[in-house]
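# Next comes the sequence, and after it the predicted model I'd like to discuss.
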Amino acid sequence: MWLAFALAACGLSGAHAQTYPSRPIRLIAPFPPSGSTDLLARLIAVGTTKRLAVLPDVPTVAESGVPGYEATQWYGILAPAATPRELVLRLNAEIVRALRQPAVRERLAADGTVPVGNTPEEFGAHIKAEIARWAPVVKASGARPE
């Protein structure tokens, strides 16, 4: 999945401003292929390293002037550590097979999701890299588990 920056002000006149909390805050999600007519916010960039097929005219944050920027959302399926290797491999094979189905790929693409379907080892390496990448950010923020 991808992270989109959608909360850039669009220069509203007072007549269009919403009074919080008496009126709901509108969000631009999901993004229709025809684009948004929302007056409160405008999609200015996506956090992926490449433009998304579903939003081809929206630049990446890196293209917008922040070189090397990437912040995405991802999903995965995990099993307990003691799960037998043969079961992990069978589950992985079935998940990858499902992700290769055209109907599944089309549905995911419509939401801006880029299916990967890698090996358990590759996914484990991705998780470790994400922890290493974001741990300093969490530490600097002072966030604590509750």
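Nice, I can see it.

# What segments of the protein are strands?
4-5, 45-46 (DSSP state E).

# per-stretch mean pLDDT over those strands, give me the minimum one.
Within those, confidence is poorest for strand 4-5, with a mean of 32 (mean pLDDT).

# Pull the distance from the longest helix seen in the chain to the chain's centre.
Counting by DSSP state H, the longest helix found in the chain is helix 120-141. Helix 120-141 sits 16 Å away from the centroid of its parent chain (CA atoms, centre = their mean, to the nearest Å).

# List the contacts of that helix.
74, 76, 88-89, 92, 118 (CB atoms under 8 Å, 6 or more residues apart in numbering). No exception for glycine: its C-beta is placed from N, CA and C like everyone else's.

# Next step: those restricted to helices.
88-89, 92.

# Who wins on neighbours among these?
Using other CB atoms under 10 Å as the neighbour criterion, residue 92 leads those with 18 neighbours.

# what's the closest non-adjacent residue to that one?
residue 120 (5.5 Å; CB to CB, 6 or more residues apart in numbering).

# roughly how far apart are that neighbour and residue 44?
Distance, residue 120 to residue 44, using CB to CB, to the nearest Å: 37 Å.
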